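**Student:** Starting from these lines, generate the structure:
(one chain, ligands or ions: 1)
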Amino acid sequence: MRIDVITIFPDYLNPLREALLGKAVERERISVGVHDLRTWTHDVHKTVDDSPYGGGPGMVMKPDVWGEALDAVCPPAAETSPRLVVPTPAGRPFTQDLAHEWSREPWLVFACGRYEGIDQRVVDEASERMPVDEVSIGDYVLVGGEVAVLAMVESVVRLLPGVLGNPASAQQDSFSDGLLEGPSYTRPEVWRGRPVPDVLRSGNHGAIARWRRDKALERTWRRRPELLDALPEGALDRKDREA
Ligand SMILES: Nc1cc(-c2cccs2)n[nH]1
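**Tutor:** You can find the predicted model right below:
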């Protein structure tokens with residue numbers, strides 16, 4: 001997978017070179033290009049934004065600069081086009097399902113804007129030649145899209161074959177079965193007077209699976225009840241309903 005990020009804060013994307021993601025780059029599971037948007041300005045101040053038409057607070061990012069940047073990073077004449085991802089608080093929710101969908105893409109380009117946004121014509125024009133997803137990573141407002149890109153890239157790249165040490169981890173993610181993951185425990189057996197639940201040390205794998213499922217259902221019911229309503233028909237069996 002090829003990943004390109006266009007940003008006015010290229011150093012903000014340095015974590016993409018670290019740890020798990022850094023290994024994925026080293027192993028050529030992904031190639032990462034980070035591009036400074038100011039490269040495509042032509043004034044001495046390298047201006048990337050301007051006041052919003054219609055008035056209002058903040059600044060909006062200029063379409064001409066973004067247009068040149070996107071033309072350079074994903075040339076219109078090229079035979080392949082990327083999926084363009086634009087983080088915004090006004091986007092559709094980014095979910096684990098979307099991470100799985102994107103993990104099958106050969107090329108993703110992320111456009112990091114300000115929270116007041118990028119001139120809408122940039123997305124409108126790009127949509128004529130590539131798929132564009134305007135997505136939100138949650139109902140809160142960041143200053144820029146860079147943090148959102150780090151989160152989304154990490155959640156997508158960890159799903160690629162050969163990136164996670166144990167592929168089973170991605171299979172047992174929270175949300176993979178529509179529920180939140182239940183509690184986890186490791187040594188010591190007793191910590192500050194708190195023992196590990198007996199069932200987890202019983203060696204009875206059926207009982208352990210049942211206990212874990214019950215804890216996942218309980219946690220989901222307490223913290224995210226709407227996820228239970230969104231489960232497909234038949235996802236909960238009789239024992240689940242008794243939990
Ligand atoms: N979910 C979300 C995205 C954002 C921003 C994207 C770009 C600038 S601020 N804030 N919150």
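**Student:** so residue 87, which of the three states?
**Tutor:** Assigned with DSSP: H, G, I helix; E, B strand; the rest coil, residue 87 falls in the strand class.
**Student:** what number of residues lie near it?
**Tutor:** For residue 87, the tally of surrounding residues (other C-beta atoms under 10 Å) stands at 25. Bear in mind the C-beta positions are built from the backbone N, C-alpha and C, glycine included.
**Student:** same check, this time on residue 104
**Tutor:** 10.
**Student:** Check what pLDDT it gets.
**Tutor:** Looking at residue 104, its pLDDT stands at 97.
**Student:** ok, now residue 172?
**Tutor:** As predicted, residue 172 sits at a pLDDT of 68.
**Student:** for residue 35, same thing?
**Tutor:** 98.
**Student:** just checking, it touches residue 6?
**Tutor:** Yes. Contact criterion C-beta atoms under 8 Å: residue 35 and residue 6 qualify, at 4.8 Å.
**Student:** Of the two, which one has the most company?
**Tutor:** More neighbours surround residue 6 than the other of residue 35 and residue 6, with 27 against 17 (other C-beta under 10 Å).
**Student:** what about residue 43, how many residues close to it?
**Tutor:** 8.
**Student:** And for residue 235?
**Tutor:** Neighbours around residue 235, by other C-beta under 10 Å: 12.
**Student:** so who does the nearest residue to it once chain neighbours are set aside touch?
**Tutor:** Nearest residue to residue 235, sequence neighbours excluded (C-beta to C-beta, 6 or more residues apart in numbering): residue 178, at 6.1 Å. Residue 178 makes contacts with 227, 230, 231, 232, 235, as judged by C-beta atoms under 8 Å, 6 or more residues apart in numbering.
**Student:** Mind checking which of the residues you listed are in strands?
**Tutor:** If you go by DSSP state E, these have nothing in strands.
**Student:** Quick check: the two most widely separated of those?
**Tutor:** Greatest spacing in those, by C-beta to C-beta: 227 and 232 (11.7 Å).
**Student:** okay, these two: which has more neighbours?
**Tutor:** Set residue 227 next to residue 232 and count neighbours by other C-beta under 10 Å: residue 227 wins out with 15 against 7.
**Student:** wait, what's in contact with the nearest residue to the more buried one once chain neighbours are set aside?
**Tutor:** Residue nearest to residue 227 in three dimensions, not counting chain neighbours: residue 220, with 5.3 Å by C-beta to C-beta, 6+ apart. By C-beta under 8 Å, 6+ apart, the contact set of residue 220 is 179, 180, 227, 228.
**Student:** lowest-confidence helix or strand of this protein?
**Tutor:** helix 168-171 (a mean of 70; mean pLDDT, DSSP states H and E).
**Student:** just to revisit the earlier point, could you tell me which residues touch both of residue 35 and residue 6?
**Tutor:** The contact lists of residue 35 and residue 6 share 69, 73, where a contact means C-beta under 8 Å, 6+ apart.
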